[in-house]
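> kindly return the folded structure for what I paste below:
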Amino acid sequence: MDFVSPVLDVASRICNCVGGRADHLRRLPQKLNSLRAAMEKLNNVYKDVKERVEREENLEKKRTHVVGGWMERVEAMEKEVNELLDRCDEEIQKKCLGIYCSKNCRAIYKLAKMVPEKMDAVAGLQSEGSNFQEVASPLPCPQVIETPLEERRVVGLDSPFQEVWTLLQDEQVGSIRIYGMGGVGKTTLLKKINNKFLQLGNDFDIVIWVVISRPTNLERVQETILDRLDIPEDRWKGREEEKKAQEIGRVLKTKKFVLLLDDIWEPLDLLRVGIPPLGDGNQSKIVFTTRSADVCGGMAAQKSIKVECLEEKEALSLFQAKVGEDTLNSHPDIQKLAEMVAKECKGLPLALIVIARAMASAKTPEEWERNLQKLRMYPKDVAGTENDLFSVLAFSYDCLPDEATKSCFLYCSLFPEDFPIPSEHLIQLWMGEGFLDEYDNIQEARNQGGEIIQMLNRACLLEAVREGEYLKMHDVIRDMALWLACEKGKKKNKFVVKDGVGLISAQEVEKWKDAQRISLWNETIIEELREPPHFPNTETLIGYMTRSTFPSGFFTYMSNIRVLDFSDDVTLELPAQIGNLATLQYLNLSHTRVMHLPIELKNLKKLRFLILDGMFSLRSLPNQMVSSLPSLQLLSMKFLPFGCLVDETMLLEELEQLEHINDISIRLTNIQSVQRLFESHKLTRSTTSLSLVEYKGVNQVQLLSPSCIKELRLLGCHELEEVKIIHFEKQVVPSKFPNPQCCFNHLLSVEIHLCKKLLNLNWLIHAPKLQSLHIEQCEIMEKVIEDERNDGSEIESGLSVFSRLIYLTLIALPKLESIYGRALPFPSLRGIFVFGCPRLKKLPFDSNICMSKQLEKIIGQQKWWDGLEWEDQTVMHNLTPIFSTP
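Here you go, the predicted model:
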């Protein structure tokens, strides 16, 4: 029996492998190949869908649940199919009867039956993925957007805040007005209310913040609300007011909302905006701030809260906090003097802050006594009229160190309320006006302009926004500056500022004959004049986005004009008569659509600043125009269009002929132009911004050192493989960090875009003051900078790599694996932006980054962040709170 049983067992196995099962097994290898091919097709569809999803997510959209679920099922299916293929291959290898009979025929038969099932499932997933019309949708708008507050603890607003917050909980109250004099803290209170919604749970669907300002711009108000509601632009962009109002009303009728309106100067028709009437059980709220009692009546608020000046104790607390302990403790008498100065401010928060900042550097009793006496020369009663407020605030103006700084401050009032003033543009205007003429060198003048901005910031006369790239002037401070500029109101039209006022009559223009500076903004149009106006005293004309041509002969009688700034005036037609303005020293045509520069510009013999950035419609430059401007110091031609015909070699020769030129921003497109630039010591030391655009047929760029370049752009240089630094004696600088006189000590910003063959940016170790680095679409770049220690070189003390870097942006670098070969301190870094860098698994941080108070944000894709590798988990835990997806 023992011999027979095994034989019968074998016979049984053989029998099980015959008939239909044998046919299944015979075709199994072919089916497995078909399954592999089907899975490969599904994977290709998966990759296409994933790429679409990532592109949409980079545009701040969120993948749909359907697509997300499909991608998860594909990933699971791939795992299942791979397991099935592995098992089938393993069973086939166990063959015992030819190729078709395994030692476990029954098991392989079961596997063979699973193959068609998986093929059907794979085909279904492939069909589903091929038919996705939409893979992502816009992210839902947040309930509340935090508004920044300067102080963690706001002094003196607890009582009005509690009043407003209690009213917001009252179902019977729909609208609340917050009123009081300028600078008393109304905006701060409204910000505190806005931010409170972030801290406490509530049943409002959305909180909307809108700054109204003066003059009221209904279109801007509507568009702010439409953006906040995430209504697609194609439903309202370019449409008339009524259509926009309908879109706003359509959405808000379905929501329980809080609308916070800051700084209303005149009654606002909420129905025209699109705000549905309050009531009808929706329990929505409207809270607004205003200085004007007329607005309070016109807006028909149900409840009113008045913000008063601070009590004496609160005022002193705020004043002391702003002066600082070091100054208060520098002499025993200063504490008492500080109390006396604080009393002079009559509890007005803005005055307390401004004057405290002005006193912060006074560390002797004598300085305090002198300044107190100056302050007492002004009217003491602050809580009344705007003039009293100006008189107090003007004390900070009077404390400015010199007339140039005062002129720079007053000049800021030429910009509209709440307008973000570009810092660099403002400094250029100051230079054009001659406020910084004591400096022969443009860079020195720029540096002094930066110091003046810092001084005005510290004195609370200006506010830095977006990390100092832009500036804002509080509307009360601006009104005070205009009052001072117009000689305390005695010469009303000395500074003329018109913002969005529509059509200006000829009679109004006649009143400007005594104007020193004229500033026209946003849809401000001058009607046709019968005869050319006379502007014998006008030194400045700013026309920003006026969207209108100036009347015929408007520039005829401007015998003292110094500055013309038409930047962003997209409909500007530049009249030839501008060539007759013999005193003109500054001309800015940036971002206009001027196609041809008039040949008469050659007559501007005193022109020192010519700015032509972003003139995307410009076709060409007049021959010999630049060399005809003997006083020219600055020429800026950033972002000119590819279609602009410029003989680069001729332009460089013309620039070299200019005696006073010392600041050039230029775009070059060929190696001959670059060589010509660097062959000239004069041009090399004068070029501050260099863009190499579509640099064809060249795989290497050689940059001359030392250099004064502050901005470098390499755009669309598809053949470029490396950048080399050449000393002025034509010798390549070695990789060891050079001494300061032969490196890029001035380079602050580098942008690399679409340089597909560029391997690395090792040369950046020669740019110790680099602040911004943007790299995008460099397909084969694996490392930004290789660790210089790998080749035995060292970095000199005090000049470590990226020690000044503030922003780092890396986009679409598929092979990038490393930013730097080892950890760096990054003491200045504020933000990192990473998108489309799947191989970047490590950031060059160590535990020192955790102690940095500078780093504010890391933005990237969640999958990338989750896949990062950390040598120190503490670093990861400390950085996670500042990481966010776009």
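> any residues touching the one helix or strand residue 366 maps to, and which ones?
Residue 366 belongs to helix 365-376 when assigned by DSSP states H and E. With CB atoms under 8 Å, 6 or more residues apart in numbering as the test, helix 365-376 has contacts from 331, 333-334, 337-338, 340-341, 344, 355, 358-359, 362, 392, 395, 398-399. In this view, the C-beta of every residue, glycine as well, is placed from N, C-alpha and C.
> distance from the chain centre to it, please.
Chain-centre distance of helix 365-376: 42 Å, with CA atoms, centre = their mean, to the nearest Å.
> buried residues in it?
367-368, 371-372, 375 (16 or more other CB atoms under 10 Å).
> could I get the CA-only coordinates of it as PDB?
The C-alpha trace of helix 365-376 is given here as PDB (Å, rounded to 0.1, in the frame of the first residue of the first chain):
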ATOM      1  CA  PRO A 365      17.600 115.000  30.400                       C
ATOM      2  CA  GLU A 366      18.800 118.100  28.400                       C
ATOM      3  CA  GLU A 367      17.600 116.500  25.100                       C
ATOM      4  CA  TRP A 368      14.200 115.700  26.700                       C
ATOM      5  CA  GLU A 369      13.800 119.200  28.000                       C
ATOM      6  CA  ARG A 370      14.600 120.800  24.700                       C
ATOM      7  CA  ASN A 371      12.200 118.500  22.800                       C
ATOM      8  CA  LEU A 372       9.500 119.000  25.400                       C
ATOM      9  CA  GLN A 373       9.800 122.800  25.000                       C
ATOM     10  CA  LYS A 374       9.400 122.400  21.200                       C
ATOM     11  CA  LEU A 375       6.300 120.200  21.700                       C
ATOM     12  CA  ARG A 376       4.700 122.800  24.000                       C
END
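> and it, what's its mean pLDDT?
Mean per-residue pLDDT for helix 365-376: 81.
> leaving out chain neighbours, which residue sits closest to the residue positioned nearest the centre of the chain?
Centroid-nearest residue in the chain: residue 466, 6.8 Å away (criterion: CA atoms, centre = their mean). Distance criterion CB to CB, 6 or more residues apart in numbering; nearest residue to residue 466, sequence neighbours excluded, is residue 420 at 7.4 Å.
> for that neighbour, list the residues it contacts.
Counting by CB under 8 Å, 6+ apart, residue 420 has contacts 465-466, 470-472.
> so where do the strands sit in the stretch 451-600 of the chain?
463-465, 470-472, 495-499, 503-504, 517-521, 525-526, 540-544, 563-565, 586-588 (DSSP state E, counting those that start in this stretch).
> wait, isn't residue 457 in contact with residue 470?
No: counting by CB atoms under 8 Å, residue 457 sits too far from residue 470 to count as a contact (11.9 Å).
> now do the shared contacts for these two.
residue 464.
> let's see the pLDDT reported for the residue lying closest to residue 580 once chain neighbours are set aside.
Among residues not flanking residue 580 along the chain, residue 603 sits closest, at 6.8 Å (CB to CB, 6+ apart). Looking at residue 603, its pLDDT is 95.
> do residue 150 as well
pLDDT, residue 150: 69.
> likewise residue 302?
For residue 302, the model assigns a pLDDT of 87.
> how close does it sit to residue 287?
Distance of residue 302 to residue 287, given as CB to CB, to the nearest Å: 11 Å.
> chain center to stretch 231-239: distance?
Distance, stretch centre to chain centre, for stretch 231-239: 23 Å (CA atoms, centre = their mean).
> try stretch 362-379
Distance, centroid of stretch 362-379 to centroid of chain: 41 Å (CA atoms, centre = their mean).
> check stretch 433-449 too.
So, by CA atoms, centre = their mean, the centroid of stretch 433-449 is 27 Å from its chain's centroid.
> can you list the buried residues in that stretch?
433-436, 442, 445-446, 448-449.
> ok, and what's touching that stretch?
404, 407-408, 411, 426-427, 430-431, 539-540, 562-563, 585-586, 633-634, 662-663, 688, 708, 746.
> picking that back up, show me which of residue 302 and residue 287 is the more surrounded one.
For residue 302 versus residue 287, neighbours defined as other CB atoms under 10 Å are more numerous around residue 287 (24 against 14).
> need the pLDDT of the closest residue to the more buried one other than its chain neighbours.
In this structure, residue 287 finds its nearest non-sequential neighbour in residue 176, 4.6 Å apart by CB to CB, 6+ apart. With respect to pLDDT, residue 176 has a value of 92.
> helix or strand: which one has residue 45?
helix 28-58.
> which of the three states applies to residue 74?
Following DSSP: H, G, I helix; E, B strand; the rest coil, residue 74 is assigned to helix.
> likewise for residue 703?
strand.
> and the residue nearest to it when sequence neighbours are not counted, how many neighbours?
Leaving aside its sequence neighbours, residue 703 sits nearest to residue 725 (CB to CB, 6+ apart; 5.6 Å). Using other CB under 10 Å, residue 725 has 23 neighbouring residues.
> what are the phi and psi angles of residue 725?
Note on residue 725: its backbone torsions stand at phi -100, psi 130 [degrees, to the nearest 10].
> isn't it up against residue 764?
No: the criterion here is CB under 8 Å, and residue 725 misses it with residue 764 at 10.1 Å.
> who's in contact with the spatially closest residue to residue 652 that is not a sequence neighbour?
Using CB to CB, 6+ apart and skipping the chain neighbours, the partner closest in space to residue 652 is residue 676 (5.0 Å). Taking CB under 8 Å, 6+ apart as the criterion, residue 676 is in contact with 648-649, 652-653.
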